[in-house]
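[1] With the sequence up front, the predicted model follows.
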Amino acid sequence: MNPHWYGPIMLDADEIRRLGKRFRKLDLDNSGALSVDEFMSLPELQQNPLVQRVIDIFDEDGNGEVDFKEFIQGVSQFSVKGDKLSKLRFAFRIYDMDNDGYISNGELFQ
């Protein structure tokens with residue numbers, strides 16, 4: 001994981017267990033990783049225009065799937081226990097499509 005973008009995991013063992021159950025439920029093919037299609041099996045994500053970008057950010061190794069470690073690391077960014085700086089960095093990455101550290105007008109309105 002890139003420590004520049006992700007802080008420590010701000011989840012306790014109970015939260016990680018619950019997320020593990022959710023992950024296994026989403027992992028329809030039992031591959032140990034979530035594909036875009038598996039993420040999109042959640043009705044609440046199907047209409048979200050940013051879902052592909054969030055998946056891309058979760059997918060730290062760039063293999064097109066999100067494994068459990070990447071899932072936990074990514075989801076922890078939304079924890080109420082998480083620090084504001086990590087949340088801001090995550091939100092910034094959603095709009096920094098070319099990962100150059102800047103948000104251009106083109107990226108902002110994509």
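    Done, it's in.
[2] Now for the protein, the helix or strand with the poorest mean pLDDT.
    Taking mean pLDDT, DSSP states H and E as the measure, helix 105-108 is the helix or strand of the chain with the lowest mean score, a mean of 77.
[3] For that one, give me every contacting residue.
    Residues from elsewhere that reach helix 105-108 (Cβ atoms under 8 Å, 6 or more residues apart in numbering): 95, 96, 97, 98. Placement of C-beta: from N, CA and C, glycine included.
[4] mind giving me TSV with these and columns for neighbour count?
    Converted to TSV, the contacts of helix 105-108 look like this (neighbours: other Cβ atoms under 10 Å):
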residue	neighbour count
95	15
96	18
97	15
98	10
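[5] a helix runs through residue 49, doesn't it?
    No - assigned with DSSP: H, G, I helix; E, B strand; the rest coil, residue 49 falls outside any helix and is coil.
[6] Can you report how many residues neighbour residue 34?
    Residue 34 has 24 neighbours, counted by other Cβ atoms under 10 Å.
[7] pretty sure residue 97 belongs to a strand, no?
    No - using three-state DSSP, the assignment for residue 97 is coil, not a strand.
[8] Which pLDDT value belongs to it?
    Looking at residue 97, its pLDDT reads 86.
[9] Could you find the closest non-adjacent residue to it?
    residue 107 (4.7 Å; Cβ to Cβ, 6 or more residues apart in numbering).
[10] which residues touch residue 79?
    The contact partners of residue 79, taken as Cβ under 8 Å, 6+ apart, are 10, 11, 15.
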